[in-house]
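Colleague: sequence-free structure coming up:
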């Protein structure tokens, strides 16, 4: 196989009961390919950095990819199109909610969720699609608007939806909160929502405050607001050392005050920041009145992690190369991307020195490797070729030598190093 490395993801599918979540889902299946193998066929291609399903001459004879999905070889491209036509948005929502419970049960979700939009362009005749701004392209174009929710500590993407329109865009934060509570079974771990200024409006901030949900966002900087901040007396500002990436620190100036907002009952906490490398001040607003200023600044700046995650998905999982203008098909592709991304995060978490790497870096350094596979006596032995990071892979996978895989005839999966490179 040319894709022996991605078999290292299989232990995490079994360890975290992702297999059971897929088997209990409502996804379709056929007489020859059950729903678990069907979903893993898509994940196999996502994890292998395949940009187009139609480029099947690159992978359709690879027995390693077939083993990943428990088929002899992956089906041809036409099967993927036919399968995705049978998937509904509710099936995707149901799987994400099942995965949400898995992440909670394994302490992979903290008290903070970072929210952001991303634009998924369509390059065909998209007259029925709305125009959305694409930062990567620098212009508005026919596209689907998607929302992501990501845990800042683990990098796990907990929620995703592409069925958004301009008319309900501001209400997405409330829909996410409802979805979280429905799949949370009464638990209240979520305390903070972090998002940028265009994510919702002040009226919805007021609703979040009434629900006793803490939010941290930024305020749009109008001309009058900037002029007022520039005219504040010097004693209104104080120097503050805040933590940056790489354990570095930076000195900034902050002004911590309370101010009214149109459509928001009562006053809101406003933290204005200068000396952060930008010409105009940054303005953080929040209903968290007790937290220290430096912790609030740190909490908001970590929101850029979700932007980094979106960038990774565009580059590695090819979200900007969708082959359909049907929102349902794109929603399914989006869900498969989230599932694959989370498998990469679970893999990276068990390699502390490399847990900060992007999905593409994890793939290039660890999972992009050829090998030979030998199946005998209830054992599947994968001999990976020599590679710089091979010892780290063998050390990690050795922890799962006794793990049995029910969908692979209860075999054990063992990884060894080959004698050649």
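Modeller: Noted; the coordinates are in hand. Worth saying up front: this structure is predicted, and the values here are computed from it rather than measured.

Colleague: any idea how far residue 332 is from residue 90?
Modeller: Applying Cβ to Cβ, to the nearest Å, the value for residue 90 to residue 332 is 11 Å. Quick note: C-beta positions are derived from backbone N, CA and C, even for glycine.

Colleague: next: residue 214.
Modeller: 33 Å.

Colleague: more neighbours: which of the two?
Modeller: Taking neighbours as other Cβ atoms under 10 Å, residue 214 and residue 332 compare with residue 332 leading, 26 against 20.

Colleague: any stretches of this protein with poor pLDDT?
Modeller: 51-55, 123-127, 135-136, 184-188, 244-247, 276-277, 304-328, 420-421 (pLDDT under 70).

Colleague: now do the helices in the stretch 1-150 of the chain.
Modeller: For the stretch 1-150 of the chain, the helices defined by DSSP state H, counting those that start in this stretch occupy 10-15, 18-23, 35-47, 63-68, 77-84, 89-105.

Colleague: so which of those is nearest residue 410?
Modeller: For residue 410, the closest of the helices of the stretch 1-150 of the chain is helix 10-15, at 11.0 Å, according to Cβ to Cβ.

Colleague: buried residues, the closest one. List them.
Modeller: With burial defined by 16 or more other Cβ atoms under 10 Å, the residues of helix 10-15 counted as buried are 10, 11, 12, 13, 14.

Colleague: go through this protein and flag its longest helix.
Modeller: Ordering each helix of the chain by length in residues (DSSP state H) puts helix 327-349 first.

Colleague: for that helix, buried residues please.
Modeller: 327-348.

Colleague: what separates it from the chain centre, distance-wise?
Modeller: A distance of 7 Å separates the centroid of the chain from that of helix 327-349, by Cα atoms, centre = their mean, to the nearest Å.

Colleague: returning to what we had before: quick check, nearest of the buried residues of helix 10-15 to residue 111?
Modeller: For the buried residues of helix 10-15, the nearest to residue 111 is residue 12 (24.1 Å; Cβ to Cβ).

Colleague: from residue 284, how far out is the spatially most central residue of the chain?
Modeller: By Cα atoms, centre = their mean, the chain has its centre lying nearest to residue 157, at 3.3 Å. Using Cβ to Cβ, residue 157 is found at 24 Å from residue 284.

Colleague: residue 235 now?
Modeller: In terms of Cβ to Cβ, residue 235 sits 21 Å off from residue 284.

Colleague: who's more crowded, these two?
Modeller: residue 284 (22 against 6).

Colleague: helix, strand, or coil at that one?
Modeller: The local conformation at residue 284, judged by DSSP: H, G, I helix; E, B strand; the rest coil, is strand.

Colleague: not counting sequence-adjacent ones, nearest residue to it?
Modeller: Of all residues not flanking residue 284 in the chain, residue 271 sits nearest, at 4.4 Å (Cβ to Cβ, 6 or more residues apart in numbering).

Colleague: buried ones in the stretch of helix or strand that neighbour belongs to, by neighbour count?
Modeller: Applying DSSP states H and E as the criterion places residue 271 in strand 264-274. In terms of neighbour count (16+ other Cβ under 10 Å), strand 264-274 has its buried residues at 264, 268, 269, 270, 271, 272, 273, 274.

Colleague: residue contacts, residue 274?
Modeller: 229, 237, 252, 253, 281, 282 (Cβ atoms under 8 Å, 6 or more residues apart in numbering).

Colleague: the second one and residue 217: what is the separation?
Modeller: Computed with Cβ to Cβ, the distance linking residue 237 and residue 217 is 22 Å.

Colleague: thinking again about what came up before, from the buried residues of helix 10-15, which is closest to residue 130?
Modeller: Of all the buried residues of helix 10-15, residue 130 sits closest to residue 13, with 36.1 Å by Cβ to Cβ.

Colleague: that closest one against residue 342, yeah?
Modeller: No - judged on Cβ atoms under 8 Å, residue 13 makes no contact with residue 342 at a distance of 10.6 Å.

Colleague: ok so residue 413 is a strand residue?
Modeller: Yes - assessed by three-state DSSP, residue 413 belongs to a strand.

Colleague: that one - how many residues pack around it?
Modeller: Close neighbours of residue 413, defined as other Cβ under 10 Å, add up to 22.

Colleague: from residue 399, how far out is it?
Modeller: Distance, residue 413 to residue 399, by Cβ to Cβ: 12 Å.

Colleague: and what of residue 73?
Modeller: 29 Å.

Colleague: which one's more surrounded, those two?
Modeller: Neighbours per residue, other Cβ under 10 Å: of residue 73 and residue 399, the larger number sits with residue 73, 15 against 11.

Colleague: give the contact list for the more buried one.
Modeller: Residue 73 touches 60, 61, 62, 63, 65, 66, counting by Cβ under 8 Å, 6+ apart.

Colleague: most widely separated two among those?
Modeller: Spatially, the most separated pair among these is 60 and 63, at 10.7 Å (Cβ to Cβ).

Colleague: can you give me the strands in this structure?
Modeller: Ranges of strands in the chain, per DSSP state E, are 112-121, 131-134, 139-150, 157-164, 192-194, 214-218, 238-243, 249-261, 264-274, 282-286, 371-376, 379-384, 404-405, 411-417.

Colleague: ok, which of these comes nearest residue 40?
Modeller: Closest among those, using Cβ to Cβ: strand 404-405, at 11.5 Å.

Colleague: measure how far the closest one is from the centre of its chain, please.
Modeller: Centre-to-centre, strand 404-405 and its host chain are 27 Å apart (Cα atoms, centre = their mean).

Colleague: list of residues touching that strand?
Modeller: 10, 14, 410, 411, 412, 413.

Colleague: and of the residues you listed, the nearest to residue 367?
Modeller: Comparing these against residue 367 with Cβ to Cβ places residue 10 closest, at 11.6 Å.

Colleague: contact partners for that closest one?
Modeller: Listed by Cβ under 8 Å, 6+ apart, the contact set of residue 10 reads 68, 405, 413.

Colleague: is the nearest residue to the last one once chain neighbours are set aside in a bridge, and if so with what?
Modeller: Nearest-residue entry for residue 413: residue 380, 5.0 Å, with adjacent residues in sequence omitted and distances by Cβ to Cβ, 6+ apart. Note on residue 380: beta-bridge partners residue 375, residue 413, judged by DSSP bridges.

Colleague: list the contacts of residue 380.
Modeller: Taking Cβ under 8 Å, 6+ apart as the test, what residue 380 contacts is 67, 373, 374, 408, 411, 412, 413, 414.

Colleague: which of those are buried, as a PyMOL select command?
Modeller: Restricted to buried positions by 16+ other Cβ under 10 Å, the PyMOL selection for the contacts of residue 380 reads:
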select buried, resi 67+408+411+412+413+414
